[in-house]
Structure formats: structure tokens, C-alpha cells
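Undergrad: Just need the structure, nothing else, for what follows:
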Amino acid sequence: MAYPPDGPPYYGPPPRSHPNGTTILVLGILSLVTCFLLGPFAWSMGNKALREIDESGYPYENRSHVQAGRICGIVGTVLMIIMFLIVAFGVTVAILTGGGSSSL
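TA: Now for the predicted structure:
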């Protein structure tokens, strides 16, 4: 099928990009790689952005970036909690056993 010289037919507005999509993705990835403390921020911002995207009724081209950043934020938050529990357990064991100091 040949299109007229002015291009393909118009099917509606072009997809938008959510302004925080890249930020959420970067925070989510950083929460896995360097700093677990960024996980809750990526998770929260991702939830808010997905809610805004769903309520808008328009297609967003970076919805997958928002979802990926949110999931990375969830994983980063879970890792942060696990690390906190390990450190708290280690400190508790160290305190209860006398801190590992030897009395010579």
C-alpha cells in the first residue's frame, strides 16, 4: 500500500515520555549497585509515576523504564532490609559474646 506523498496517516498524538522515567530507572539501578538507601525512593517514585501514567489515558513510551526502575527499587529495598538484619544480628552476637575481645 502506497501512502500519499505527505506521509503515513495520522493515528493520534505521539507517545509521551514521563519526566521522571529516567530518574526512576537510574535510582533503581544505583540501589542495586552502590547504595541500597536509594531503593525506597525509586520504589515510591515508580509507584507514583505508574499511577500518573495509568490515570492520564495517554501512551507513554518510557513506561517500561519506570517499571524496571520500580522493580529495581523493590529489590534494592529488600536487600537493604536483609543487610540491616545481618548487621543487627552481628552486632547483637558481638555484644552478647563480649565483643570478641580476649583477656590475656
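
Undergrad: Confirm Gly12 sits in a strand?
TA: No - under DSSP: H, G, I helix; E, B strand; the rest coil, Gly12 sits outside any strand and is assigned coil.

Undergrad: For Gly57, see how far away it is.
TA: 11 Å (CB to CB, to the nearest Å). All C-beta spots, glycine's among them, are computed from the backbone N, C-alpha and C.

Undergrad: go on, Cys35?
TA: Look at Cys35 and Gly57: by CB to CB, they are 35 Å apart.

Undergrad: Would you mind checking the average pLDDT for the top helix by length along the chain?
TA: Counting residues, the longest helix found in the chain (DSSP state H) is helix 63-96. When pLDDT is averaged over helix 63-96, the result is 95.

Undergrad: Stretch 13-28 too?
TA: 90.

Undergrad: quick one: buried residues of it?
TA: By 16 or more other CB atoms under 10 Å, the buried positions in stretch 13-28 come out as His18, Asn20, Gly21, Thr23, Ile24, Leu25, Leu27, Gly28.

Undergrad: these two touch, right, the fourth one and Met45?
TA: I take that to be Thr23. Yes - taking contacts as CB atoms under 8 Å, Thr23 lies within contact range of Met45: 7.1 Å.
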